[in-house]
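S.K.: Structure of the sequence below:
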Amino acid sequence: MLVCAPPEVLLLEDTDGDGRADRRRTVLSGLDRGVTDSNANSLRFGIDGVVHLANGGNGGRADAPGGDGGPIDLRGADLAFDPAGGRVRRTYRSGGGFGLVFDDAGHSFTTYNLDHLLARMVPIEQLERARDVEPFAATASISDHGGSAPLFPVSAAVRRPNHPEQAGRFSSAGGMGFIDGVPFAARLARSVLVCDVVTNVVHRDLLVDDGAAFRGTRAPEETASEFLASPDPAFRPVAIEPGPDGALYLADMQRDVIEHPDYIPANVRAALDLRAGADRGRIWRIVPAAGLPVAVPLDADDPEALVADLAHPFRWRRDTAHRLLVTRFSTAATAALRAAARSSPAAEARLRAWRILAATGRLERSDSALAATDRSDEVRETAVALAEDDTRLLVGLLDDDVPRVRF
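M.R.: Below is the predicted model of the structure:
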């Protein structure tokens, strides 16, 4: 298990099956620490085969023990690292908050206390290479309902000692999830979930194509309500993850006082039990009203079965198969991956197969040209990522019909 524990990221292993970690190794160090919700967070295995995390707006000099590159000055950037190989790199301008999610194509979204939904548009490496481009927000809010957007809690309003004018609005966005659709209703597909711990809600935005980017908009059935809201004032949702059964799992850390102590006047703070609720905490399971289909367990030892799972309807299955094919089966699945990349009926499987071949060093020069002719615009976007040194192919894609591919 990888665990964010700033200033480190730890690898904890249970080698004897007793449910307790008996081996502990630092795989990343040098992360700055600040206010809790601005610390490094949201470990995600990316489609590029490495682990990503949001840096919460903090700095630091990130280093992977055993790596040969030396510390990386983060300077307000998010980062990615390879736990096995020791490589660390800056990825995108940090949104400055607690949360990070990816869609199947690798588009990434993060958050900040007030601006609850931001898209990470352009990697830092490309920004630094294109020094003659006019400055622009490379990580930017995409919500069409604005910063500090109004929310619809069902808990009793509590006067805030810090920024009372933010009552009933986003002020503490943090903790994100993603709904791809199946096994949930089709109307929920492409939904980003964002928690707000002060108002005791989980908010949902639909992702809508908007030129070369996306726009986040409230669903028609939630114009005056939230995806999930609790009357319990100690309900503090902080994380949403897909499970192997297709359900969503919501972590509720339970605190009676959620305001950071630094922002509470001393005379008010003296009368509060700041740790009240620390002995509680819940995990909620969210399922469709009709229930879940019976899922056949994933076969982690069969590389061809894992390749087939790249098209599985459950997000957890696709992500887990992807990770195992990168970390455990470096060559055994090559033929099956090539077949999936060329002919799988599922666009997400074709895209992931190309990405796995690239992450494991098995991509051939002609592969990006083949991906560039795919009928899926998201696979053609992947072709751009795979062909950064193929000028002829890139210039050809400038005439693509889809703005995001041209971008």
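S.K.: dump the residue contacts of the residue positioned nearest the centre of the chain.
M.R.: Nearest residue to the geometric centre of the chain (CA atoms, centre = their mean): V101, 1.9 Å. Residues near V101 by CB atoms under 8 Å, 6 or more residues apart in numbering: 42, 44, 108-110, 176-178, 192. Using the backbone N, CA and C atoms, a C-beta is placed for each residue, glycine as well.
S.K.: same thing but at 7 Å, please
M.R.: By CB atoms under 7 Å, 6 or more residues apart in numbering, the contact set of V101 is 109, 176-178, 192.
S.K.: S172 too?
M.R.: So S172 contacts 113, 196-198 (CB under 7 Å, 6+ apart).
S.K.: And the nearest residue to it once chain neighbours are set aside, how close does it get to R190?
M.R.: Leaving aside its chain neighbours, S172 sits nearest to V198 (4.6 Å; criterion: CB to CB, 6 or more residues apart in numbering). Counting by CB to CB, to the nearest Å, the gap from V198 to R190 is 27 Å.
S.K.: higher neighbour count, those two?
M.R.: Taking neighbours as other CB atoms under 10 Å, V198 and R190 compare with V198 leading, 25 against 16.
S.K.: my guess is that one meets R169, correct?
M.R.: No: applying CB atoms under 7 Å as the test, V198 and R169 come out as separate, 9.1 Å apart.
S.K.: before we move on, the earlier item: please identify which of the contacts of S172 is nearest to V395.
M.R.: Nearest to V395 among the contacts of S172, counting by CB to CB, is N113 at 41.7 Å.
S.K.: and that closest one, what does it touch?
M.R.: For N113, the contact set (CB under 7 Å, 6+ apart) comprises 97, 171-173.
S.K.: where does the stretch 51-200 of the chain dip in pLDDT?
M.R.: For the stretch 51-200 of the chain, the stretches flagged by pLDDT under 70 are 162, 165.
S.K.: hey, where'd the strands end up in it?
M.R.: 51-54, 60-63, 72-73, 77-81, 88-93, 100-102, 108-110, 118-120, 139-141, 173-179, 191-196 (DSSP state E, counting those that start in this stretch).
S.K.: Now do the second one: distance to the chain's middle.
M.R.: Put simply, strand 60-63 sits 21 Å off its chain's centre (CA atoms, centre = their mean, to the nearest Å).
S.K.: For it, which strands pair with it and how are they oriented?
M.R.: Using DSSP bridges, the strands paired with strand 60-63 are strand 23-31 (antiparallel), strand 72-73 (antiparallel).
S.K.: tell me the secondary structure for L292?
M.R.: Here L292 is coil, with the state taken from DSSP: H, G, I helix; E, B strand; the rest coil.
S.K.: From F184, how far off is it?
M.R.: Applying CB to CB to L292 and F184 gives a distance of 10 Å.
S.K.: These two: which has the busier surroundings?
M.R.: F184 (20 against 15).
S.K.: so what's that one up against?
M.R.: The contact partners of F184, by CB under 7 Å, 6+ apart, come to P288.
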